[in-house]
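Chemist: no FASTA, just this:
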């Protein structure tokens, strides 16, 4: 059986990457030329003391007419 996030990614072309097994946040840097997103996992959601790990990164490119992922 596939995970819910995997099923969503298969059936929704707007989802570039998904992995619901990790808790964390997205760090997004964006400007007129495009952007960069890091998907950050954290080791402990019950404490303010935790370690972070980048589990996926993606570049967003502005080609002048639209945005797309690198």
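Modeler: In hand now; what should we look at? None of these values were measured; they are calculated from a predicted model.
Chemist: and the longest strand along the chain, what does it pack against?
Modeler: Counting residues, the longest strand found in the chain (DSSP state E) is strand 52-62. Packed against strand 52-62, as judged by 3 or more Cβ pairs under 8 Å, 6 or more residues apart in numbering; DSSP states H and E, are the following elements: strand 24-31, strand 34-42, strand 67-69. Just so you know, the C-beta spots here come from the backbone N, C-alpha and C atoms, and that holds for glycine as well.
Chemist: between the first one and strand 52-62, how many degrees?
Modeler: If I follow you right, that is strand 24-31. 30 degrees (axes from the mean of the first three to the mean of the last three Cα atoms, to 10 degrees).
Chemist: helices or strands up against strand 24-31?
Modeler: For strand 24-31, the elements it packs on are strand 34-42, strand 52-62, judged by 3+ Cβ pairs under 8 Å, 6+ apart.
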